[in-house]
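Peer 1: Sequence and computational prediction follow.
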Number of protein chains: 2
Amino acid sequence: MNGAAIYHRATDSFCYSPDGTSLVIRLQSAVDDIVSIQLWAGDPHDWGRRPEADGGAWHWRCASQELQKIGSDGMRDFWEIRWTPPYKRARYFFRITFRDGSRYDYGEKGLLPTSPKAEASPTGDYWNAFVFPYINEVDVFKAPDWVAGTVWYQIFPERFRNGNKANDPAGTKSWKRGPVTNHEWYGGDLQGIIDGLDHIASLGCTGIYLTPIFASPSVHKYDTEDYLRIDPAFGTDEDLKNLVQACHTRGIRLMLDAVFNHCGKTFGPWLDVVEKGEASAYKDWFHINAFPLFPKGKDTGDSRDANFETFAFTTRMPKLNTANPEVREYLLKVAERYIQEFDIDGWRLDVSNEIDHVFWREFRRRVKALKPDAYIVGEIWHDAMPWLRGDQYDAVMNYPFGNAIVDFLLTKDWSKTASDFVYRISEISFMYPDRVIRSAFNLLDSHDTDRIVHLLGGRAMAKLALTMLFTLPGSPCIYYGTEYALEGGGDPDNRRCMIWDPTPEEEAFARFVRSLIALRREHWSLCADGRRQYVTDPAHPGFLGITIHHDTDRLRVLINRDEKPIPATVWKGLLGLDPSESVQNLLAESPL
Amino acid sequence: MNGAAIYHRATDSFCYSPDGTSLVIRLQSAVDDIVSIQLWAGDPHDWGRRPEADGGAWHWRCASQELQKIGSDGMRDFWEIRWTPPYKRARYFFRITFRDGSRYDYGEKGLLPTSPKAEASPTGDYWNAFVFPYINEVDVFKAPDWVAGTVWYQIFPERFRNGNKANDPAGTKSWKRGPVTNHEWYGGDLQGIIDGLDHIASLGCTGIYLTPIFASPSVHKYDTEDYLRIDPAFGTDEDLKNLVQACHTRGIRLMLDAVFNHCGKTFGPWLDVVEKGEASAYKDWFHINAFPLFPKGKDTGDSRDANFETFAFTTRMPKLNTANPEVREYLLKVAERYIQEFDIDGWRLDVSNEIDHVFWREFRRRVKALKPDAYIVGEIWHDAMPWLRGDQYDAVMNYPFGNAIVDFLLTKDWSKTASDFVYRISEISFMYPDRVIRSAFNLLDSHDTDRIVHLLGGRAMAKLALTMLFTLPGSPCIYYGTEYALEGGGDPDNRRCMIWDPTPEEEAFARFVRSLIALRREHWSLCADGRRQYVTDPAHPGFLGITIHHDTDRLRVLINRDEKPIPATVWKGLLGLDPSESVQNLLAESPL
Ligand SMILES: [Ca+2]
Ligand SMILES: [Ca+2]
């Protein structure tokens, strides 16, 4: 038996309440090491007396149920049970039967051999248990109900559509195909998004995420000059109000980008510090280690040469001191303003994991007080559990899911087979409560990455990637232009002008995307909450069959990464289907 | 290699900042499975270009250091490194060399074989890393500085000393030795504690924890009737002020007990609900599932027969609805009042893990705003990580340490040898950040457990237990009377009257306790922060030698649980001492 591989802790993804009444309890072990696991559980205060015939002793009342193996990453098995404590309080331990026949009771003291008197006394040591003391509704992670059924469309406003030539910056270039830089203007604006809404709606998207729109000198606007003003090249307050209304009329929700980790170098308070130095009233708004700000006598652009902290090392983005109550209040008022005055539906939080938890807890309190079903999504590329405990975000940008898809489709060394992909998805899913996974913001690409068509080297692979993303739990997002298989490598190439004159091939790709989105929306509940069965085959390492069940709904997803076609008789055999069974292809232009 | 046993996550005890500048990074593995672990770490944004001769490629800058094995629980090894990120941001992965010669890079994607080009490219997959995004000072766990050097004395006020006969309840009995019940009054009060302060100070204690003192019908006062009034049998506001002042004059801090999970059945708002039912303005102050409160027509005493939630199942203690802002505000004002008006130094929080985290976060904010170095200690008997992340408590009542001592001294099946004890202490220590461990409230017994002398069956064993507890990191506590080896089993027997006429044997025990406390106070910093080396011997399973080093200070703790004496030549040999080396016994009446 591999006792060292057993892991459980009564917190985070290992023990949580999804709903305020039940608990999900999980345990991980070495793969194929365990035959069965019983959860022995009861109320910690529920003691009873045995019958006189049994000696009449006091004992803790508990009962047992079997855990289910819900996945594996090839090295470890993942186990789970859902249990409803009768009085919201839970005390439990695991009785594990290992493959070698040994039996242990596992609790906080570790693995103690199961007592020979186990039936009479459910645990050899009362203290060798775990406790989830009380399910407090107010601590339960809750994301807005609408999120799991939403399909997102991400827009980089400068490059989506020019709806108003009057607000174009000087030197604005003509809309075009092909590479762009971060120092060119193409005139995209909020009116352009309003004008493009019918297109977005026709795709079936029901949410729009805009990268920043507040006044800033750059095309990307991640270097805010004024949080309280729409960038004049993008439009006016009126335009934003119109956009929100036009979205809501179409049943589309709008999410803005909150860049609160840092400001731009033209932000008023920062200009004041640059001008007045230590005398500035705003000097504690930033992370300044010493004055002068630029000990080399000039701004080299690299904060390693300066006396203040920044985003990454760019002096164009001084880091805000969110622990300063003045700064906190200022930014929270910004967050409130766009909900109160503009009725936006969510905030995407830029570089959010470099800001303190205290700030985010207060942010959630204030935002949810104004709009309880606002969606709060952190930009976190890595493990985000500390922000997803119910007190801070509803979701993060779930790059790990997208990465798993890409790694498999690119046949990376560590992801050669469909099994590797299933392992990785299982592992990521096991790392978070299911409610977190079903509300995650899932994406393959963004303004920060290569575009998916570029990354995967073509449209066929991009279709597979999109299909895989759209049938996972979580709220999937299309980066603008992906519906037309828009090309582009890393920043700035991922910020090309939107295609408004699609070629027939691009139209064909869009038909595929539309049918995928329609499929997703029809079966969103299945994607969010369905039970998945995976079929893989060593002889066809690029083949993945996923069958998802939910209530009476059922969907099969068939992926063949490798070039060689897999005959219908083969994949039908793998799926256990009768060779003569007719199968309906639900996706346009995706040959079976 | 046992890959399934590798565990790390960039949160809680596995990655934290102890001080706002450095990070402690930990990993667990199967015992004896790993030869070495390198941490490859750098700033996530710190990219550089390789020399032209190397191809000039961009790469993430990182450097490596070795982790140290800091402990084991016999099944798993515990590894740690302390590293200071140059810009507060950390990205890292582990390069692990297993005993079988295999090498893997371990990150969020799991164990990927170390790339053959590892020297040129530090990781085969940039995303296979962990991230601790930014060390925000405001999120760092901080307990008051004074705690680690404090020795506590816990008092059950009704049974400590009667200092004022005028406030004795009707029927108060004479002070006595021997068993008591929870339905007898002996007249103990705050004046008695003031009168006993010289005794407590003479022991060397520097903190006093009082079980509840607010108005309540019971002897234990965990069923509060009025949070704003000192129980009349215990005294007046004036008495509490005098007590605090008398403590502070002697350099003793005073901690009160906050019973906020539930009230007593005579609490005003509850009486209102009982009287008016659904019409009561206080009906949302509690957890009421339906009316009438008592569907059987009477209060059976068991809340399983009632329509409201309680502490455990006793209808004498209705559970308070701390998610109700009115209740929250009421209780927080109580917490503030005793700090503002009485200058108490800490709150011990009864049944604190059954109250929501939102409440405790606000509690911490409000209490620390009034008294930044107030000590906040939760009553949690089990894993308390979710309350010790820096936003809620400073400590919990650390029963697991006490349990480990008792299990070893009682030669429990799972703790037969001193090695088992060392394993258990290592494991508990590894579960928490070191700052949490050094501020823990350590205890062997309390008003809720058997007294230690009773539990261990005698004074000799109790001396060993106290010695072990007092040399561990954390803030140790003596339960009143233990200085005289006061006897007593579980509640109510653990609430006997304090001894004020000690016998010579009891005096002798107190001399031992005094010398132990003096030793602890002299070497508190070594106990809190010292490095420990353990010596055990299969031939003498009851022998434990602990050498603690800190700066130039050094202390050896020698424990022999078993009856048979261990000759000096043997234990000196085990400790690596010269047989002729003279050793000074620092504890009174504890023969070497
Ligand atoms: Ca324009
Ligand atoms: Ca009295």
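Peer 2: Structure received. Ligands and ions are numbered 1, 2, ... in the order given.
Peer 1: A:R556 pairs with what?
Peer 2: Beta bridges link A:R556 to A:T547 when assigned by DSSP bridges.
Peer 1: quick one: contacts for it?
Peer 2: Contacts for A:R556 (CB atoms under 8 Å, 6 or more residues apart in numbering or on different chains) come out as A:G545, A:I546, A:T547, A:I548, A:L575, A:V583. Any C-beta I mention is one placed from the backbone N, CA and C, and that applies to glycine too.
Peer 1: what's the most distant pair in these?
Peer 2: Taking every pair in those and measuring CB to CB, the maximum separation is 15.1 Å, between A:I548 and A:V583.
Peer 1: Between these two, which is the more surrounded one?
Peer 2: Legend: neighbour count by other CB atoms under 10 Å in any protein chain shown for A:I548 and A:V583, higher for A:I548 (20 against 13).
Peer 1: ok, the residue nearest to that one when sequence neighbours are not counted to A:R554 distance?
Peer 2: Nearest non-adjacent residue to A:I548, counting by CB to CB, 6 or more residues apart in numbering or on different chains: A:G530, 4.0 Å away. When CB to CB, to the nearest Å is the yardstick, A:G530 and A:R554 sit 8 Å from each other.
Peer 1: any shared contact partners between these two?
Peer 2: With contacts defined as CB under 8 Å, 6+ apart, the residues shared by A:G530 and A:R554 are A:I548.
Peer 1: Compare neighbour counts for those two and give me the winner.
Peer 2: Taking other CB under 10 Å, A:G530 and A:R554 do not tie; A:G530 has more neighbours (20 against 12).
Peer 1: Run through chain A and note the low-pLDDT ranges.
Peer 2: A:117-124, A:588-592 (pLDDT under 70).
Peer 1: Which helix runs longest in it?
Peer 2: With secondary structure taken from DSSP state H, chain A has its longest helix at helix A:504-522.
Peer 1: Leaving out the residues flanking it, which one is nearest to the residue in chain A positioned nearest to ligand 2?
Peer 2: When distances are taken as CB to the ion, chain A approaches ligand 2 most closely through A:H45, which lies 32.6 Å from it. The spatially closest residue to A:H45, leaving aside those adjacent along the chain, is B:A312, at 3.7 Å (CB to CB, 6+ apart).
Peer 1: The one you found reaches A:W47, doesn't it?
Peer 2: No: in terms of CB atoms under 8 Å, B:A312 does not count as a neighbour of A:W47; the distance is 9.0 Å.
Peer 1: Mind checking which of the two has more residues around it?
Peer 2: B:A312 (19 against 13).
Peer 1: Is that one part of a helix or strand, or is it coil?
Peer 2: When the structure is split into helix, strand and coil by DSSP: H, G, I helix; E, B strand; the rest coil, B:A312 lands in coil.
Peer 1: Can you show me the strands along the stretch 301-450 of chain A?
Peer 2: Secondary structure of the stretch 301-450 of chain A (DSSP state E, counting those that start in this stretch): strands located at A:346-349, A:375-378, A:395-398, A:441-443.
Peer 1: Same list (the ones you listed) but as CSV, adding distance to ligand 2 and mean neighbour count.
Peer 2: As requested, the strands of the stretch 301-450 of chain A are exported to CSV (distance: least, CB to the ion, whole Å; neighbours: other CB atoms under 10 Å in any protein chain shown):
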stretch, distance to ligand 2, mean neighbour count
strand A:346-349, 58, 26
strand A:375-378, 56, 26
strand A:395-398, 59, 27
strand A:441-443, 64, 25
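Peer 1: which one of the ones you listed lies closest to A:P51?
Peer 2: When those are compared for distance to A:P51 using CB to CB, the nearest one is strand A:395-398, at 51.9 Å.
Peer 1: what separates the closest one from the chain centre, distance-wise?
Peer 2: 2 Å (CA atoms, centre = their mean, to the nearest Å).
Peer 1: what do you get for stretch A:482-494?
Peer 2: Between the mean C-alpha location of stretch A:482-494 and the chain-wide mean there is a distance of 21 Å, by CA atoms, centre = their mean.
Peer 1: Next, count neighbours for the nearest residue to A:V35 once chain neighbours are set aside.
Peer 2: Sequence neighbours aside, A:T97 is the residue nearest to A:V35 in space, at 4.6 Å (criterion: CB to CB, 6+ apart). Using other CB under 10 Å as the criterion, A:T97 is surrounded by 16 other residues.
Peer 1: Which strand or helix spans A:T97?
Peer 2: Following DSSP states H and E, the helix or strand that holds A:T97 is strand A:90-98.
Peer 1: So which residues make contact with that strand?
Peer 2: A:1, A:6, A:8, A:23, A:25, A:27, A:29, A:33-44, A:60, A:62, A:64, A:67, A:83, A:103-107, A:111, A:114, A:118, A:123, A:128-133, A:135.
Peer 1: among the residues you listed, which are in strands?
Peer 2: Within these, membership in strands is found for A:23, A:25, A:27, A:29, A:34-42, A:60, A:64, A:83, A:103-107, A:111, A:130-132, as judged by DSSP state E.
Peer 1: Write a ChimeraX command that selects only the buried members of these.
Peer 2: Selection of buried members from these for ChimeraX, criterion 16 or more other CB atoms under 10 Å in any protein chain shown:
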select /A:23,25,27,29,34,37,38,39,40,41,42,60,83,103,104,105,106,107,111,130,131,132
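Peer 1: Pick out the residue of the stretch 401-550 of chain A closest to ligand 1.
Peer 2: Per CB to the ion, A:C497 is where the stretch 401-550 of chain A lies closest to ligand 1, at 12.4 Å.
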